[in-house]
Every structure is written in C-alpha cells, then in structure tokens.
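>>> just need the structure, nothing else, for what follows:
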Amino acid sequence: MSASFLLQPLALLRMRRRPSSKKFSPKPHRAPSHTTASQQEVKVLTAVRVSPDVCRVFGQGAGGPQKFGRGLALDEFFVAPRDCAESICYFPEGSNETWGEQVTQPLHGLQLHLEPLFQAPPGSEALPPMRHVRNPSNVPEAAIPQARVRVVAGRCGEVAAAPPLTGVTMLDVEIGAASDVTLPVNGDDGLLIYVLEGVGLFDMPNSEETTYQNEGHIVWFLPGDADSTSDGERVLRIRTHPSSSIRFVVLEE
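Predicted coordinates for the structure are as follows:
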C-alpha cells in the first residue's frame, strides 16, 4: 500500500453509507496463500447488495462462507430487519425499535440469522420467531487498551454476554485514530471481520503481511489463522491511520 494512498482524505470513508442501486462486487486484493497447518488462507471479500436496503456479509448470495458457526447469514440493513426463525438484531447507533413494531423511520443495524437450536415437531405449529435485540447500551464491555469492545454475544476475555445465546460470539469493536490494538480472540475454527466504518490494518497470521481494509469489506481468517502470543493466547492485531478511527464487527466460530 503506497504512502500517498494511506494519506488521502478519509472524510468520505467516515460518512455513513446509504444504499444505492449499485451492487457491491469483490475488489482485487493481493493476499498470501499459506500452505502449512499453522498458516492457512486469509480471504478478503466485499459485502453484496441482495436488495435495495440490505447488504449481505455472508450467507446465501454472498461471496464468503455460506454458513459460519451457528450463523446462516449476516446482513447490514438500512430500513428494517427481516423476520426469521432466530436472529440477533444489533443496532450500532442505539435504536430501541424492533421489527415487531411499526417502523416510523429507516433503521440501521446488523442482523445475524441463526440456525435454531430447537425445531418444532413434525406436524405441529411452527415456533414463533426468536428475536434477540441488542443495543450498545445493554451489552457488557471488555477492558481492552485503546479500544472499546462491546460483547454483543459470547465472550471476550473474561467478559461474557448474558444468555440465552449459546454457540455464538459477536463483538462490536471501536478503535481510535493512531492506535495499535491487540484483541484476544477464540476463533480456533475461524474468524470473520466486517468493517462498518473507517480504515485499518489487520495483521496477517504468523507473518509480517497486513491487509488494509475500509468499510464494506470482510476479512475472513480461515481456521487456525489468528496469531498467537508467546503464552499461547490467540490474538488479532489492528492498527489505525493517524487521522482515521475504525469500527468493525467480529464473529468467531
């Protein structure tokens, strides 16, 4: 990445995205291919617009994994979430509205569609949708230096989100400009990062390679890709530009 690119004005990247009729398509990106058991592949992808007001991060119709742990799909919506059997609906700006109520204005958020843990017996009435609504104000925060880490589901270090969610880890991470952060992760079976706004450098595993990504892009670490410290703790390193912060969501399998 050239210095002139890194120093270009970043105000446009910080602007809140609005849906358009243009469909996202993956950008060419040079990523190393690892062949050893401890250094597996890292993929960089782009969210795909599946409807005028929804961008799909992964799942059917997107270019990434078709399933990620219990997650069947992750959508960023700009009007309202959709009905499904079970999902986490997270409003990064703190809206308290749910899609069971009349929506009076467009809503922005993330919806993680989950594989239900319980199925209705054959021939019986379908179970009602299970909706887990989360806001920044009602989820715990993990104490990570130079970062604000909200634990939407699962855990980060010693901090765990409230039940009833099981088998799901979802973190909302904000990092200020000119920062160098090490985030503990538990993604032994895979790690997926979706950049909501800003730009940052994400370290490639077990090497000096980094990937520089901005909003709308996905960094998918396949199983075994998260780097480790000398004591065996699995970590991910994120660095930000001197004039740009970053906010992203982390999912762990």
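>>> check contacts around Ile144.
When contacts are counted by CB atoms under 8 Å, 6 or more residues apart in numbering, Ile144 touches Cys156, Gly157, Val181, Leu183, Pro184. (Glycine included, C-beta is placed from N, CA and C.)
>>> out of these, who's nearest Ala62?
Closest to Ala62 out of the contacts of Ile144 is Leu183 (24.1 Å), distances taken as CB to CB.
>>> the closest one: which element?
Element membership of Leu183 [criterion: DSSP states H and E] is strand 180-184.
>>> give me the residues contacting that strand.
Contact partners of strand 180-184, identified using CB under 8 Å, 6+ apart, comprise 144-147, 149, 156-157, 173, 175, 233-240, 250.
>>> so what are the sheet partners of it and their directions?
Sheet pairing of strand 180-184 (DSSP bridges) gives strand 234-239 (antiparallel).
>>> would you mind listing the buried residues in the strand it pairs with?
Neighbour-count burial for strand 234-239 flags Arg234, Leu236, Arg237, Ile238, Arg239 (criterion: 16 or more other CB atoms under 10 Å).
>>> okay, and the beta partners of the first one?
Right, Arg234. Beta-bridge partners of Arg234, counted by DSSP bridges, are Ser228.
>>> pick the one among the contacts of Ile144 closest to Val57.
Nearest to Val57 out of the contacts of Ile144 is Leu183 (CB to CB; 18.8 Å).
>>> next, count neighbours for that closest one.
Residues near Leu183, counting by other CB atoms under 10 Å, number 21.
>>> how about Ile218?
That count, for Ile218 with other CB under 10 Å as the rule, works out to 25.
>>> for Gly109, give its distance to Arg56.
14 Å (CB to CB, to the nearest Å).
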